[in-house]
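Return atomic coordinates for the entry below.
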Amino acid sequence: HFHAQLIGQTKGAPLYRREGKRYALAGYKTDNIYPPHACTLFPRLWNRTAPQAAAYRALLGLAPGQSPTFWDNLRFLWHHQLGKGYGRYFLWNFAGRANDAQAATWCTPLDGLRQLPPTAQNSGQTNYLLLPLLLGLLGAVFQQKRCRKHFWVLLTLFFMLGIAFALYWNGPPLAPRARDYFYVNSFVIFTLWIGLGALAVLTYLRRVIKNPQASLLIGTFCCLTVPALMAVQGWRSHDRSGRYLCVDMAKNMLGGCAPNAILFTGGDNDTFPLWYVQEVEGYRTDVRVVLLSYANTDWYIRQLRRSVNQSAPLPLSLPQAEYRQYGPNDFLPCTANPAQEGGLDVTHYLRLIQAAHPALQVENGVGGYHNRLPAWQLYLPIDKAALLAQEMVPKGTEHLLVERMAWGLRGKRGLEKKELLLLDLLVTNNWARPIYCSPTSLSKLNINLAPYTIQEGMLLRLLPINSTTEEALVNTKATYHHLMHQCQFRGLNNPALYYDEHCRGFVTNYRLLFNALAKALVQEGKATQAREVLLHCLAVMPDAVIPYDEANATMVSTLLAAEVQQEALAIAHLLHERARVLLDRHPRGRVPARVIRKQLIILSELIDALYEFGYEALANEYNTLFSRHYQQLKEESVEAGS
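Numbering: from 1, shown residues only. Here you go, the predicted model:
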């Protein structure tokens, strides 16, 4: 289980890698050894990462340091893996869904009569009045009575493609998104029973109503009400026509890159749209997109060494053999050398790796070795004169150029192959090609590059400049031109379109980008441009389509600084009123704690802004609501032990 303590390691199964037309032994897996009392039959609580372990404890009510029991194992299986992880998804499809949030529950007919909190009043709610579920159950019973052999075939498929798959997958408590699509095949089997349920209705009506034509008409009408109800309830939340958010986001990101740029991304959501517009629409194919979650594999690094479309290969100095899978550089653990307390030159470190220097090599205990990182700090010397001659540094930031870029390790563990690739690129590229990062990619790295980034358009450009303040740097000239004149935001002001939770999250990021630009313009004394930016943001992403969120709460302070008092106070009043209705008028049990926390964060932002700009009476009013519910949330958290 996740709380088990490692007591040893042994050599495991052999590992092979392809070399030409044959496979060569690359090493051996390492098998971990745990004490017998930490192992259990049918293990469910297996994920040892800190966030997942904390989630296990929260779900099961385990105190810090307390080991789970076998019954905790079964409780997690029943309530989370089978209940929340399969049963809830099943009922989303055949009973209804409370809203479009990832944590949404399923709907009963009574839920349609209840008043929902404001945050749940969106068209993502579907309530099918249990009719598809009941029709499918009727069809299963009907088939069991009429054709038992075929019933057992379908039941076996339904079980194997649903519940059995949930058992086999053994999912952890935290996931990046709802995984209902894993069980689509199981749901399809149930729809066959819905079809048989319609046949059962027609058959039973024929017994009651002796007129064949009348029974057929009445039965057909009754059965068609089920898909008709599902269409009425679910059409809007499933309709994607007229929605260009994904494509526009990709083009907006690529359009802000300098020619022949390299763009690092962090995951699927900010990468696949980029590949789509490059490969399908042929847009900005000179930009090389590098997905960091793939960059720990040798096959992907091999692809990066090739030309693709109009993009040149990545300039790398380490040979491909140094990036091979199961090689010495899969992971570079940090074991600090006292002689390297001042940091280690990245260029020198790459030379040592290429030379297979014995000082870096550590035996791995299974007949091989891996390289290590002998310092907690890394640095890269910078030729300031050469950079200034290339006119790469934005005007006004020349004084922020550093003599050397220095990084510390996050968590002090070591470097993965993707960090080694990035360091190799920085040294070999020597700023010849512009390097950008999506905001999500920085969090995927074990080294902190954030101090050496500047917002340029929708991306962060990596440059050897370091801000002397806590505020993020913004290239206001380039970002203003890009956001105001090049970016497209089609459909974000169209109330006829539907945007789900994930889409609204991307719009939040848009709003934060506009606010960061406006804030930087205010600091530069360009209040007129700042007002244009803020008003443009409110016009293309209005509350009527995508409700104001925490980004707009942050924007209130910038609006007041830019002397746009009317819009600032209107946003503050609207957000305060929504928070008051949700927190005061709805029972705490019906409003998730995460929603309450979000409302408190919004109120806190508004209060700080109003106090800062002299609206004390209004700030005191908002603070009364905030203090009452903040204290209540603290008490509830103490009672829950969280």
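
Could you tell me the per-residue confidence at the spatially most central residue of the chain?
The residue lying closest to the centre of the chain (Cα atoms, centre = their mean) is residue 176, at 5.6 Å. Note on residue 176: pLDDT of 84.

Without its sequence neighbours, what residue ends up closest to it?
residue 267 (7.8 Å; Cβ to Cβ, 6 or more residues apart in numbering). For glycine as for every other residue, the C-beta is placed from the backbone atoms N, C-alpha and C.

what about the one you found, distance to residue 47?
With distances taken as Cβ to Cβ, to the nearest Å, residue 267 is found 19 Å from residue 47.

quick one: what helix or strand has the nearest residue in space to residue 284 that is not next to it in sequence in it?
Among residues not flanking residue 284 along the chain, residue 254 sits closest, at 4.0 Å (Cβ to Cβ, 6+ apart). Secondary structure from DSSP states H and E places residue 254 in helix 245-255.

for the top helix by length along the chain, which positions count as buried?
Determined from DSSP state H, the single longest helix within the chain is helix 212-238. Of the residues in helix 212-238, those with enough neighbours to count as buried (16 or more other Cβ atoms under 10 Å) are 215, 218-219, 223, 226, 229-230, 233-234, 237.

quick one: least confident of those?
For the buried residues of helix 212-238, the pLDDT minimum is residue 237, 88.

Would you enumerate the residues in contact with that one?
100, 123-124, 126, 498, 500 (Cβ atoms under 8 Å, 6 or more residues apart in numbering).

Equivalent analysis for residue 554, please.
512, 515, 605.

Adding pLDDT, write those out as TSV.
Shown next, in TSV, are the contacts of residue 554 (pLDDT from 0 to 100):
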residue	pLDDT
512	96
515	97
605	96
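
So which of those wins on neighbours?
Neighbours here mean other Cβ atoms under 10 Å. Within the contacts of residue 554, the largest count is held by residue 515, at 22 neighbours.

before we move on, which element is that one in?
helix 501-523.

wait, what's in contact with residue 514?
By Cβ under 8 Å, 6+ apart, the neighbours of residue 514 are 483, 533-534, 536-537, 555.

if we go to 7 Å?
Contact partners of residue 514, counting by Cβ atoms under 7 Å, 6 or more residues apart in numbering, are 483, 533-534, 537.

ok, it to residue 529 distance?
Taken as Cβ to Cβ, the span from residue 514 to residue 529 is 12 Å.

what do you get for residue 362?
Applying Cβ to Cβ to residue 362 and residue 529 gives a distance of 55 Å.

For those two, work out which one has more neighbours and name it.
Under the criterion of other Cβ under 10 Å, the comparison of residue 362 against residue 529 puts residue 529 first, with 18 against 13.

pLDDT weak spots in the chain?
Applying pLDDT under 70 to the chain flags the ranges 113-123, 364-367, 468, 586-590, 637-642.

thinking again about what came up before, so the residue nearest to the centre of the chain: helix, strand or coil?
With DSSP: H, G, I helix; E, B strand; the rest coil as the basis, residue 176 sits in coil.

Enumerate every residue touching residue 406.
343, 377, 379.

That one should be in a strand, yeah?
Yes. Residue 406 forms part of a strand when assessed by three-state DSSP.

Distance check, it against residue 412.
For residue 406, the distance to residue 412 (Cβ to Cβ) stands at 15 Å.

again with residue 151
Distance from residue 151 to residue 412, by Cβ to Cβ: 59 Å.

The two: which has the busier surroundings?
Legend: neighbour count by other Cβ under 10 Å for residue 151 and residue 412, higher for residue 151 (19 against 10).

can you confirm that one is in a helix?
Yes. Residue 151: assigned to a helix according to three-state DSSP.

That one touches residue 142, doesn't it?
No. Applying Cβ atoms under 7 Å as the test, residue 151 and residue 142 come out as separate, 9.1 Å apart.

in the next helix or strand after the helix holding residue 515, what counts as buried?
Where DSSP H and E defines the elements, the next helix or strand beyond helix 501-523 is helix 527-540. For helix 527-540, the neighbour count (16+ other Cβ under 10 Å) marks 529-538, 540 as buried.

and the residue nearest to residue 284, what does it touch?
Residue 254 neighbours (Cβ under 7 Å, 6+ apart): 274, 277, 283-284, 287.

which one among those residues gets closest to residue 299?
residue 274 (19.7 Å; Cβ to Cβ).

That closest one: neighbour count?
22.

Any figure for the gap between it and residue 283?
Counting by Cβ to Cβ, the gap from residue 274 to residue 283 is 9 Å.

Also residue 415?
When distance is defined by Cβ to Cβ, residue 415 is 34 Å away from residue 283.

Look at these two and report which has more neighbours.
Legend: neighbour count by other Cβ under 10 Å for residue 415 and residue 283, higher for residue 415 (24 against 16).

What does the nearest residue to that one once chain neighbours are set aside show for phi and psi?
Spatially, and ignoring its direct neighbours in sequence, residue 415 is nearest to residue 332 (4.3 Å; Cβ to Cβ, 6+ apart). With angles defined as degrees, to the nearest 10, residue 332 sits at phi -110, psi 90.

Tell me which residues touch residue 332, please.
Contact analysis of residue 332 by Cβ under 7 Å, 6+ apart lists 371-373, 414-415, 420.

Sort out for me which of those residues are in helices.
Among the contacts of residue 332, the subset assigned to helices under DSSP H consists of residue 420.

What is the burial count for the residue lying closest to residue 370 once chain neighbours are set aside?
Nearest residue to residue 370 in three dimensions, chain neighbours excluded: residue 328, at 4.8 Å (Cβ to Cβ, 6+ apart). For residue 328, the neighbour count with other Cβ under 10 Å is 21.

got it, and the one 3 residues further on?
Other residues lying near residue 331 total 18 when counted by other Cβ under 10 Å.

same deal with residue 377?
Neighbours of residue 377 (other Cβ under 10 Å): 14.

Residue 10 too?
12.

Which strand or helix spans it?
Assigned by DSSP H and E, residue 10 belongs to strand 8-19.

How about residues contacting that strand?
23-33, 324-326, 365-366.

And for stretch 437-447?
264-267, 270, 292-293, 407, 409-411, 413, 415-416, 419, 449-450, 453, 459-460, 462.

taking those one by one, which sit in strands?
Among the contacts of stretch 437-447, the ones falling in strands (DSSP state E) are 264-265, 407, 415-416, 453, 459-460, 462.

for the stretch 501-642 of the chain, what spans make up the helices?
501-523, 527-540, 550-561, 565-585, 593-612, 616-640 (DSSP state H, counting those that start in this stretch).

Single out the most deeply packed of the ones you listed.
helix 550-561 (a mean of 23; mean count of other Cβ atoms under 10 Å).

Next, the angle helix 593-612 makes with that one.
For helix 550-561 against helix 593-612, the angle between stretch directions is 0 degrees (axes from the mean of the first three to the mean of the last three Cα atoms, to 10 degrees).

Out of the contacts of strand 8-19, the closest to residue 247 would be?
Closest approach between those and residue 247, by Cβ to Cβ: residue 325, at 34.5 Å.

Between which two of the contacts of residue 332 is the distance greatest?
Spatial extent of these (Cβ to Cβ) is set by the pair 372 and 420 at 12.2 Å.

Between the two, which has more neighbouring residues?
residue 420 (27 against 19).

isn't that one right up against residue 329?
Yes. Counting by Cβ under 7 Å, residue 329 is a contact partner of residue 420 at 5.8 Å.

Helices along the stretch 51-200 of the chain, start to end?
Along the stretch 51-200 of the chain, counting by DSSP H, counting those that start in this stretch, helices occupy 70-76, 88-94, 131-146, 148-160, 163-169, 184-208.

Reformat these as JSON lines; add distance to residue 474.
Below are those laid out as JSON lines (distance: least, Cβ to Cβ, whole Å):
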{"stretch": "helix 70-76", "distance to residue 474": "46"}
{"stretch": "helix 88-94", "distance to residue 474": "42"}
{"stretch": "helix 131-146", "distance to residue 474": "51"}
{"stretch": "helix 148-160", "distance to residue 474": "54"}
{"stretch": "helix 163-169", "distance to residue 474": "44"}
{"stretch": "helix 184-208", "distance to residue 474": "44"}
